[in-house]
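1. What would the 3D arrangement of this be:
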Amino acid sequence: MKALITLLILNVLSVAPAQVAWNKTSDWQLYQIQGHGVFNYSIDTLKSFRSTPLNADSMKSYLNNAQIMKHDGSVAWMGGYVSTCKLEGVTRKIEISNYGGFLYDESTKTFYQVQEEKAGAWSVYLHHSYGKFIK
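-> Here you go, the predicted model:
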């Protein structure tokens, strides 16, 4: 019986996505891609688009305490931004929602929710950062 319980616990732990250590990320980039097709671009394709750096300390602050979203498989995606960051030397593609204060980490196929009290300021920061492409 103990073996069965241990096996079940290990199975649950292996399925549950691990929380990303956002405080260890670096080299954030925001790409000149916006809208509903943000999931259609590979990391290699992003190299052909203009990008602007995002302040790593700002991103760490906004994503500090971001939590894995529990959802039923459908997330209301109203367009978004494409970004990348590095974690442990590996570049990760991150899609960021225009609304709602959430993002999607393609590496872990996991949605994260920014703390509600930070979501508005984070949205403004991203909007202003994306505005650099228009100037």
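2. Which helix or strand lies directly C-terminal to the longest strand along the chain?
-> Scanning the chain for the longest strand, with DSSP state E as the assignment, gives strand 26-35. Next helix or strand after strand 26-35 toward the C-terminus (DSSP states H and E): helix 43-46.
3. Quick one: list the elements packing against that next one.
-> For helix 43-46, the elements it packs on are strand 26-35, strand 80-87, strand 90-97, judged by 3 or more C-beta pairs under 8 Å, 6 or more residues apart in numbering; DSSP states H and E. C-beta here means a position set from N, CA and C on the backbone, and glycine is covered the same way.
4. Which parts of the longest helix along the chain count as buried, going by neighbours?
-> Determined from DSSP state H, the single longest helix within the chain is helix 116-131. Of all the residues in helix 116-131, those buried under the rule 16 or more other C-beta atoms under 10 Å are 118-119, 122-123, 125-126, 129-130.
5. helices or strands next to it in the packing?
-> So helix 116-131, by 3+ C-beta pairs under 8 Å, 6+ apart, packs with strand 26-35, helix 56-63.
6. List the contacts of the last one.
-> This points to helix 56-63. Residues from elsewhere that reach helix 56-63, judged by C-beta atoms under 8 Å, 6 or more residues apart in numbering: 22-23, 25-28, 85, 103, 112, 114, 118, 121-122, 125.
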